[in-house]
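Prediction below, plus the sequence it came from.
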Amino acid sequence: MGFGDLKSPAGLKVLNGFLSERSYIEGFVPSQADVAVFEAISSPPPTDLCHALRWYNHIRSYQNQKGSLPGVKKPLGQYGPAGVADATSGPAPAAANDDEDDDDEIDLFGSDEEDAEAEKLKEQRLAEYAAKKSKKPALIAKSSLLLDVKPWDDETDMAKLEECVRGIQMDGLLWGQSKLVPVGYGIKKLQIGCVVEDDKVGTDILEEQITAFEDFVQSMDVAAFNKI
């Protein structure tokens, strides 16, 4: 943008052409834009540049009012038609070639940044899922057992036998209801229920501990076994 050198015929000719379609440099009233361009002209334009001369004489009539005109005075190169170099400034910077523009628009690292962000989000969600899952109570596998504990004979103290059996205490074992069931010849067996945690208590351990009361217990059998 600019008029070129307004002290030269070429610059004045550009100004004349510019003013052939407008009354002022900017807008519809005199402003600081007109003052800036006016001050760049060393003398009135020639009569053959009628538009520039008309404008020049009009702005000169505001000579004593220049400071009160609206607007803010900008560098001379910011006024005028596009495509004309401003003679008051240094040489215009060389335009970047299309290849350089294209390179500027290519984000060489954008993909990596997006992948890293996506990976970070994935790790965060996995961590949140693991934390949430860890707060849930673990499912404990349990079984319900019904045991038949047989005495030696009909003279065995069944109350004492049951006391011994219930005296077996271990983590993951809970005794339940019991009853005496006749098996013949006046002999009764102790039928007792219990709930065990499968990872802590096995039937072999129960049998070993119950039959350890050998003064009362002849044998132990699992009458029923159900997963809970």
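Nice, thanks for sending it over. Numbering: from 1, shown residues only.

Check which element follows the helix or strand of the chain with the lowest mean pLDDT along the chain.
Least confident helix or strand of the chain, by mean pLDDT, DSSP states H and E, is helix 98-105 with a mean of 50. Using DSSP states H and E, the helix or strand that follows helix 98-105 in sequence is helix 110-135.

Can you give the distance of that next one from its chain's centre?
Relative to the centre of its chain, helix 110-135 is centred 9 Å away, using CA atoms, centre = their mean, to the nearest Å.

you'd agree L190 is up against L161?
Yes. Taking contacts as CB atoms under 8 Å, L190 lies within contact range of L161: 5.9 Å. All C-beta spots, glycine's among them, are computed from the backbone N, C-alpha and C.

Spell out which residues are contacts of both of the two.
V149, P151 (CB atoms under 8 Å, 6 or more residues apart in numbering).

hmm, who's touching stretch 131-146?
Contacts of stretch 131-146 (CB under 8 Å, 6+ apart): 191-199, 203, 206, 222-228.

hmm, 7 Å instead?
Residues from elsewhere that reach stretch 131-146 (CB atoms under 7 Å, 6 or more residues apart in numbering): 191, 193-199, 203, 222-228.

what's the farthest-apart pair in those?
Spanning the widest gap among these are Q191 and D199, at 25.7 Å by CB to CB.

neighbour-wise, which of the two wins?
Neighbours were counted for Q191 and for D199 using other CB atoms under 10 Å; Q191 has more, 16 against 10.

With adjacent residues omitted, what lies nearest to the more buried one?
V181 (4.9 Å; CB to CB, 6 or more residues apart in numbering).

Next, work out how far apart the one you found and D198 are.
Using CB to CB, to the nearest Å, V181 is found at 26 Å from D198.

One more: P151?
Remark: distance between P151 and D198 (CB to CB) = 29 Å.

sorry, back to before: what subset of the contacts of stretch 131-146 is buried?
By neighbour count, with 16 or more other CB atoms under 10 Å, these hold Q191, G193, C194, V195, V196, E197 as buried.
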